[in-house]
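>>> I'll drop the sequence and a predicted model, then ask my questions.
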Amino acid sequence: MFTKLTLLSICLAMSLGCVLIPNNNRHKAYLVLRWVEKPNPNGPSTAADPGDRVKFEKFLSYDQKSKEDFAKVKSQLREGDLVAYTMSHREVTGRMITGRVNAIGYGLLEYGHLAIIVDMPGEGLRMFSSQSFLGPNTKEDLDTLKKHNWDAYRMDKWNRVDTGRLHEFVGLAEKKAGTWIGYDFSGMFGLWNSNLDPDKPENIGHDYICSTIVLAALYYSGVQSDALRNHGYLDLCSPLQVVSSAGRIAPSTAKLVASETRTNTTVSFEPDDLDE
């Protein structure tokens, strides 16, 4: 049950923009919000055969101010990797000083934005996510990651994921909600979320936040996650909750539908635009 203090803290954070914890020292989320990011202890993985259980593991981190060769870093990424964005204390302070008050929300949770890398036919590797006033989209390519701080997570058993279904979900989600209307503002406040377990095209929701669009895409592709604890109602789902959750492979027998026409225009976002 949400306490008044918890609801107030969450609403403040989400209303002010993407929420992530500055990564100078890799702090944890505020104590009052830590329980929000815990996966479901009785999720789908607990009922799965050991061979069908999956998990994400962090395998790569990038700091935009480091002297690392970005091309070498980028070459390690592949389809299915989850990218969780972070920000430093200095960046948050600087943005606050210049009047970007939504930066205050960046200090409450572990990560403030989440995307899944998809290898779209004819387009190459793209970042699939959802931002406020944009909705579900693949407007970023991997090169835009050079301007951000992030951790990358990889799922074991990715070879068992139905990538055809993943690509189909991306196209249909963009077709359904490729505008600001496609952003789930009710989900942003942890009240209720769009359909997070779609198994056919008509069940794909019209609006998602960054973490729930990833969950829904994975489900459509045959991966059931332990991230949600309350079936999407009064259930704030954070990026950390997704990458830290176990899950299970549950292959779908549903058939693919015709591909949708999409655009591969690349747009570069500022960190403040990466709204969960």
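Nice, I can see it.

>>> Now name the helix or strand holding K72.
Taking DSSP states H and E as the definition, one finds K72 inside helix 70-74.

>>> for that helix, packing partners?
Using 3 or more Cβ pairs under 8 Å, 6 or more residues apart in numbering; DSSP states H and E as the contact test, the elements touching helix 70-74 are strand 53-62. Every residue, glycine included, has its C-beta placed from N, CA and C.

>>> Could you pull out the helices in the stretch 51-200 of the chain for me?
Per DSSP state H, counting those that start in this stretch, the stretch 51-200 of the chain has helices spanning 70-74, 89-97, 163-176, 185-188. These are given in chain order.

>>> I'd like those written out as JSON lines, with distance to T144 added.
Conversion of the helices of the stretch 51-200 of the chain to JSON lines gives the following (distance: least, Cβ to Cβ, whole Å):
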{"stretch": "helix 70-74", "distance to T144": "10"}
{"stretch": "helix 89-97", "distance to T144": "16"}
{"stretch": "helix 163-176", "distance to T144": "17"}
{"stretch": "helix 185-188", "distance to T144": "22"}
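
>>> could I get these as TSV with mean neighbour count, distance to D151 and mean pLDDT?
What follows is the helices of the stretch 51-200 of the chain, written out as TSV (neighbours: other Cβ atoms under 10 Å; distance: least, Cβ to Cβ, whole Å; pLDDT from 0 to 100):
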stretch	mean neighbour count	distance to D151	mean pLDDT
helix 70-74	13	12	97
helix 89-97	15	16	72
helix 163-176	20	21	92
helix 185-188	20	22	42
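
>>> Out of those helices, which gets nearest to E123?
Distances from E123 to each of the helices of the stretch 51-200 of the chain were compared by Cβ to Cβ, and the smallest falls on helix 163-176, at 9.9 Å.

>>> Who are the packing partners of that closest one?
Under the contact rule (3+ Cβ pairs under 8 Å, 6+ apart), helix 163-176 is packed against strand 113-120, strand 135-141, helix 210-220.

>>> and if we set it to 6 Å?
Where contact means 3 or more Cβ pairs under 6 Å, 6 or more residues apart in numbering; DSSP states H and E, helix 163-176 is packed against helix 210-220.

>>> what are the ranges of the strands in the stretch 151-276 of the chain?
When assigned using DSSP state E, counting those that start in this stretch, the strands of the stretch 151-276 of the chain occupy the ranges 223-225, 246-249.

>>> Which strands border the shortest one, and is each parallel or antiparallel?
To tie it back to what came earlier, the one meant is strand 223-225. When pairing is defined by DSSP bridges, strand 223-225 lines up against strand 246-249 (antiparallel).

>>> got the buried residues for stretch 198-208?
The neighbour-count criterion (16 or more other Cβ atoms under 10 Å) identifies 198-199, 201, 204-205, 207-208 as the buried residues of stretch 198-208.

>>> thought L196 was touching A216?
Yes. Assessed by Cβ atoms under 6 Å, L196 is found in contact with A216 at 5.2 Å.
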